[in-house]
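Participant: After the sequence you'll find the predicted model.
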Amino acid sequence: MRFPTIRFRPSCTASIVAANRRINQLARLGQIDAARRVFDEMPERSIVSWNSIIAAHFLNHQPHHAQHLFDRMPQRNHASWNTMISGYIKVCCLDTALKVFNSMPERNVVSWTSMIHGYIQDGSVSEAENLFHEMPEKNVVSWTVMLGGLIQDGRIDDAGKLFDEMPEKDVVARTSMIGGYCQAGRTKEAREIFDQMPRRNVVTWTNMISGYVHNSKVDVARKLFEVMPERNEVSWTVMLTGYTQAGRILEAFELFKRMPEKSVIACNAMILGLGQNGMLAKARKVFDQMLERDDGTWSAMIKVYERSGFELEALDAFRLMQRAGFPPNYPSIISILAACASLAILDHGRQVHQVMLRFHYDADVFAVSALMTMYVKCGDLAKAKKVFDMFGSKDVAMWNSMITGYAQHGLGEEALGVYYDMRVVGMVPDDITYIGVLSACSYTGKVNEGKEIFESMRSDSLVEPKAEHYACMVDLLGRAGHVDEAFDMIIKMPVEADAVVWGALMGACRMHMNLEIAEIAAKKLLQLEPRNAGPYILLSNIYASRGRWEDVAELRKVMSERNVSKSPGCSWVEVDKKVHMFTLGDLLGHPEHVIIIGMLEKLDGLLKDAGYSPDGSFVLHDVDEEQKIHNLRYHSERQAVAFGLLKIPEGVPIRIMKNLRVCGDCHAAIKLIAKITQREIILRDANRFHHFKDGSCSCRDYW
């Protein structure tokens, strides 16, 4: 770059001062070209002018331009050299900064301190310490910078010794030491420094309060907070987050209402705290009343909706976030993938995948694992496998997602294949891996393979079997008809059997109609989870299938007395990016119920012609056969299938989701519907996937 002939003045005139100020302003705004034009057009420049433009280039990440200017300077002072050192440190060129430092004709305390700060910023605290000891003279800033480095390095005892040696301890040094002691859990020593301080500022008070909060001493923090001479936005927010992190949400909310100015950070913390404690309406009210929001606000609202089971609301918030001009951030992507997976809405999930690619989240292993889980739970295993194969550095979670995915879809051979591939590449299985593999064996009846893998857990991977693994084995044995062996395993298992283990046995008893063991399992389950409707329903199923309606009635009476309610069965299907929900007895509430009823009646006729005979044992009421057939016709999964046949184009799979286990009679009927209509129907129930095609199901009726 050429320089015109311009006079150099060692002192500054008013015009030079104004130009220098303008250079600094433009540099801070990122307008480096404009700043450079101001410099180039100056009729006179001072050393300050040169230092300002050099600093401006560093600020805008142009170290080569800064070096070129430095080399052309007609005169330099300490500030010029120090600007080069601090500039190279800013752009992470520590080696070049050291070369400048070593070539200085004369160094001052700022030069030494800048270099020490550079080493600390780089994480080279030992090198900083060596340089600190070489300093010919030190000021309070030098001591404080070194103190901060030792604290940052976790060397709190060394920091304490240095603090004691300091000839002058200002507010910054004392406040740093308070923070260091609190980080190390030594609040008593921090409080001693705090109490001995001749002068404290709001940062000191906030640091001490934050230290108490960090160490789960919220009540002590609150006492200190109440006697603060002045509070700022950070003070209020620290106290608020202390309550939310401690789960004391009502106290947090009361404090929040008292805040004179509610910062975005405080509002975000309040949204998360309220939402995670089931106060969704209050969380939404905080959100709606915010005059200013950031991407953290939106992701907080999306997360609390998704975690609270309001997936549709999470999807709406995600759409609104983008319309408001906020690009999706990492937390919102993870939450919305989980929402799509929970609802099994593939079209939305595909859109989120496109967003991930656009914003480069597809390189993150955790995000990709969530993406795979979404495809698995939406029934698109081929796409999940494609994502899996394309990702290079797979972690154990990704392998687990693929194994579990195949297991849930009843593809035991494929799940075992991924497991053995995992072992070949040297990836060590963890607890989750074995749950996935044993589930795959269970769903596909691979009893011997399951037993071998279970026995090899300790020796091959040093994984000690837990209750979850025993539950898989009980399920494996029970499904295969070895109910007595499964019961014997529970009696002999070294860990205490939990509700999942007894639930697996209960399910096996329902499948094989073993009333004797079912009653034992039900009794255990009711002791462990007295308000869980599951064991009542399973036992009621067995009684109903045997026509023991008095026992069914007695169970219902007990449920009523204990205020135990059964979750209503519901199913849903996504059509044109809209989710349509169906429940038994509520079909008339759907705007298109007339054509749905027509399709159900048409299917009844087609099923009858195909030889279908309704199984009334799946109707858990003592009613006549005609009423039983009517009830079966209007099960939620049948309604969803009928709607899917009406609305989803031929050649596109109909994807149904049900919140409970699919009804046995509906399972048989949907197999025939798939054959009659020549459509592929994919149903995901509470346990697994069922792929219906050409009159058969992927589960091979082993479910």
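Facilitator: Structure received.

Participant: Give the buried residues for the longest helix anywhere in the chain.
Facilitator: Longest helix of the chain, by residue count under DSSP state H: helix 593-609. Across helix 593-609, burial judged by 16 or more other C-beta atoms under 10 Å covers Ile596, Ile597, Met599, Leu600, Leu603, Asp604, Leu607. Quick note: C-beta positions are derived from backbone N, CA and C, even for glycine.

Participant: now stretch 660-676
Facilitator: Across stretch 660-676, burial judged by 16+ other C-beta under 10 Å covers 660-675.

Participant: so which of these comes closest to Trp205?
Facilitator: Nearest to Trp205 among the buried residues of stretch 660-676 is Leu660, at 54.6 Å by C-beta to C-beta.

Participant: Next up, the contacts around Ala221.
Facilitator: Applying C-beta atoms under 8 Å, 6 or more residues apart in numbering, one finds that Ala221 lies in contact with Ile209, Ser210, Tyr212, Val213, Val238, Met239, Gly242.

Participant: 6 Å - rerun?
Facilitator: Going by C-beta atoms under 6 Å, 6 or more residues apart in numbering, Ala221 touches Ile209, Tyr212, Val213, Gly242.

Participant: sorry, back to before: what helices or strands is the longest helix of the chain leaning on?
Facilitator: Contacts defined by 3 or more C-beta pairs under 6 Å, 6 or more residues apart in numbering; DSSP states H and E place helix 593-609 against helix 636-647.

Participant: Which strand or helix spans the closest residue to Arg531 other than its chain neighbours?
Facilitator: Leaving out its chain neighbours, the residue that sits closest to Arg531 by C-beta to C-beta, 6 or more residues apart in numbering is Val564, at 5.5 Å. Val564 is part of no helix or strand, with elements assigned from DSSP states H and E.

Participant: Which two among the buried residues of stretch 660-676 are spaced furthest apart?
Facilitator: Pairwise distances across those (C-beta to C-beta) peak at 24.7 Å, for the pair Leu660 and Lys675.

Participant: how close does Tyr119 sit to Arg319?
Facilitator: According to C-beta to C-beta, to the nearest Å, Tyr119 stands 48 Å off from Arg319.

Participant: of these two, who's got more company?
Facilitator: When neighbours are counted by other C-beta atoms under 10 Å, Tyr119 comes out ahead of the other of Tyr119 and Arg319, with 24 against 13.

Participant: Roughly how far does that one sit from Gly149?
Facilitator: Taking C-beta to C-beta, one finds Tyr119 at 8 Å from Gly149.

Participant: list the buried ones in stretch 535-554?
Facilitator: Neighbour-count burial for stretch 535-554 flags 535-545, 548, 551-552 (criterion: 16+ other C-beta under 10 Å).

Participant: can I get those in a markdown table with secondary structure, pLDDT and distance to Ile656?
Facilitator: As requested, these are arranged in a markdown table below (DSSP: H, G, I helix; E, B strand; the rest coil; pLDDT from 0 to 100; distance: C-beta to C-beta, whole Å):
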| residue | secondary structure | pLDDT | distance to Ile656 |
| --- | --- | --- | --- |
| Pro535 | helix | 80 | 27 |
| Tyr536 | helix | 79 | 26 |
| Ile537 | helix | 76 | 21 |
| Leu538 | helix | 75 | 23 |
| Leu539 | helix | 79 | 28 |
| Ser540 | helix | 81 | 25 |
| Asn541 | helix | 75 | 22 |
| Ile542 | helix | 77 | 27 |
| Tyr543 | helix | 80 | 29 |
| Ala544 | helix | 79 | 25 |
| Ser545 | helix | 73 | 25 |
| Arg548 | coil | 83 | 32 |
| Asp551 | helix | 83 | 32 |
| Val552 | helix | 83 | 28 |
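
Participant: can you redo those as TSV with distance to His469?
Facilitator: TSV is the format used below for the buried residues of stretch 535-554 (distance: C-beta to C-beta, whole Å):
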residue	distance to His469
Pro535	22
Tyr536	27
Ile537	26
Leu538	22
Leu539	26
Ser540	29
Asn541	27
Ile542	27
Tyr543	31
Ala544	32
Ser545	31
Arg548	35
Asp551	34
Val552	34
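
Participant: and which of those residues is nearest Cys441?
Facilitator: For those, the closest approach to Cys441 (C-beta to C-beta) belongs to Leu538, at 22.7 Å.

Participant: correct me, but the closest one touches Met506?
Facilitator: Yes - under the criterion of C-beta atoms under 6 Å, Leu538 makes contact with Met506 at 5.0 Å.

Participant: So which helix or strand of the chain has the lowest pLDDT on average?
Facilitator: Every helix and strand in the chain was compared by mean pLDDT, DSSP states H and E; the lowest is strand 7-8, with a mean of 51.

Participant: After it, which helix or strand is next?
Facilitator: Counting by DSSP H and E, the next helix or strand C-terminal to strand 7-8 is helix 14-28.

Participant: Check which residues of that following helix are buried.
Facilitator: Neighbour-count burial for helix 14-28, counted by 16+ other C-beta under 10 Å, picks out Ile16, Ala19, Asn20, Arg22, Ile23, Asn24, Leu26, Ala27.

Participant: Same question for stretch 324-334.
Facilitator: By 16+ other C-beta under 10 Å, the buried positions in stretch 324-334 come out as Phe326, Pro328, Asn329, Ser332, Ile333, Ile334.

Participant: can you tell me the helix or strand for the fifth one?
Facilitator: Secondary structure here is read from DSSP H and E; on that basis Ile333 sits in helix 330-343.

Participant: ok now that helix, how far from the chain's centre?
Facilitator: Put simply, helix 330-343 sits 8 Å off its chain's centre (C-alpha atoms, centre = their mean, to the nearest Å).

Participant: can you give me the strands in the protein?
Facilitator: 7-8, 44-45, 570-575, 578-583, 654-658, 681-684, 689-693, 696-697 (DSSP state E).

Participant: Redo the ones you listed as a markdown table? Include distance to Ile648 and mean neighbour count.
Facilitator: Shown next, in a markdown table, are those (distance: least, C-beta to C-beta, whole Å; neighbours: other C-beta atoms under 10 Å):
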| stretch | distance to Ile648 | mean neighbour count |
| --- | --- | --- |
| strand 7-8 | 79 | 11 |
| strand 44-45 | 73 | 18 |
| strand 570-575 | 6 | 22 |
| strand 578-583 | 11 | 18 |
| strand 654-658 | 5 | 25 |
| strand 681-684 | 10 | 24 |
| strand 689-693 | 14 | 23 |
| strand 696-697 | 19 | 18 |
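
Participant: a markdown table for the ones you listed, including distance to Ala97?
Facilitator: Listed next are the strands of the chain as a markdown table, based on distance: least, C-beta to C-beta, whole Å:
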| stretch | distance to Ala97 |
| --- | --- |
| strand 7-8 | 27 |
| strand 44-45 | 25 |
| strand 570-575 | 57 |
| strand 578-583 | 58 |
| strand 654-658 | 59 |
| strand 681-684 | 58 |
| strand 689-693 | 59 |
| strand 696-697 | 68 |
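
Participant: So which of those is nearest Ala314?
Facilitator: Ala314 lies closest to strand 578-583 among those, at 12.1 Å (C-beta to C-beta).

Participant: Could you pull up the contacting residues of Ala480?
Facilitator: Neighbouring residues of Ala480 by C-beta under 6 Å, 6+ apart: Gly445, Val447.

Participant: Fine by me, we can end here.
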